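A.B. asks: got a structure for you, letters missing:
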């Protein structure tokens, strides 16, 4: 039996990175995991390794999200799917890239939550985990990405109020830089990516999964509301002063 007698987990963005690592760990812990992502070949390989249930779906298709999740009994939701664009600068981002980030990082996460939360409340138990970012807590210079993750932070904080008395727990996990495929697509230039990621030891996907499993495994009377974790060499916050203007 999985943690706290939870049986079924839904992991979004499960085809790589944190989502794939989470699927592997949760199946090993006894969960029946529904692994949701767009890349069918990746999900098929993951299912062969873990016996998870693959669910091929584009989360930006809102109608398809509700159709696919209707009636499913989900005990744990890991709202992990997301992407980064526009790391070279706000004005260098295309309108399509801006919409893509907002649609996937924020809107889709809210809709997935909306689709599964009603069943959790009816059963009087469940756990939602939203993968945010330190970019949603501190200004790091990525306006649109930061806005989407700031939206997740605000959504989680407000929804926590609404969940009073429901028996449903909620955790927001806010990582710093993680060594996954996320940054392979976040930068158009390989030189920019290397400059951003090289020279220090970044977090691993397994580090984030450890935080997720800790929050799930705490006793039912404990709600771990927010976890912030960064590489030891990364310190968010501080001030930038331009004395040349």
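C.D. replies: Perfect, I can see it now. Nothing here was measured: the structure is a model prediction, and the numbers come from that model.

A.B. asks: contacts for the helix or strand where residue 118 lies next, please.
C.D. replies: Per DSSP states H and E: residue 118 is located in helix 109-123. Here helix 109-123 makes contact (Cβ atoms under 8 Å, 6 or more residues apart in numbering) with 10, 12, 59, 62, 65-66, 69-70, 72-75, 77, 79, 81-82, 126, 128, 130, 152, 155, 159, 163, 166-168. In short, each C-beta sits where N, CA and C put it, glycine included.

A.B. asks: ditto for stretch 22-30
C.D. replies: Here stretch 22-30 makes contact (Cβ under 8 Å, 6+ apart) with 1-3, 9, 11, 14, 33, 35, 46, 49-52, 76, 78, 80, 205-206, 208-209, 212-213.

A.B. asks: from those residues, which ones fall inside strands?
C.D. replies: With strands taken from DSSP state E, the overlap with those comprises 9, 11, 33, 35, 76, 78.

A.B. asks: tell me which residues in the helix ranked longest in the chain are buried?
C.D. replies: As assigned by DSSP state H, the longest helix anywhere in the chain is helix 143-162. Within helix 143-162, the residues scored as buried using 16 or more other Cβ atoms under 10 Å are 143-153, 155-156, 159-160.

A.B. asks: what mean pLDDT does it get?
C.D. replies: Averaged across helix 143-162, pLDDT comes to 96.

A.B. asks: would you mind getting the angle between that helix and helix 109-123?
C.D. replies: 10 degrees (axes from the mean of the first three to the mean of the last three Cα atoms, to 10 degrees).

A.B. asks: elements contacting the very next helix or strand once past helix 143-162?
C.D. replies: Downstream of helix 143-162, the next assigned helix or strand under DSSP H and E is strand 168-175. Strand 168-175 sits against helix 109-123, strand 126-131, helix 143-162, helix 205-217, strand 226-229, with contacts defined as 3 or more Cβ pairs under 8 Å, 6 or more residues apart in numbering; DSSP states H and E.

A.B. asks: now strand 168-175, how far from the centre of its chain.
C.D. replies: 9 Å (Cα atoms, centre = their mean, to the nearest Å).

A.B. asks: list the strands paired with it, with their directions.
C.D. replies: Strand 168-175 has its sheet partners listed here by DSSP bridges as strand 126-131 (parallel), strand 226-229 (parallel).

A.B. asks: format the ones you listed as TSV; extra columns: distance to residue 89.
C.D. replies: Converted to TSV, the strands paired with strand 168-175 look like this (distance: least, Cβ to Cβ, whole Å):
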stretch	distance to residue 89
strand 126-131	25
strand 226-229	26
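
A.B. asks: host element of residue 60?
C.D. replies: Under DSSP H and E, no helix or strand contains residue 60.

A.B. asks: so who does it touch?
C.D. replies: For residue 60, the contact set (Cβ under 8 Å, 6+ apart) comprises 100, 103, 104, 107, 108.
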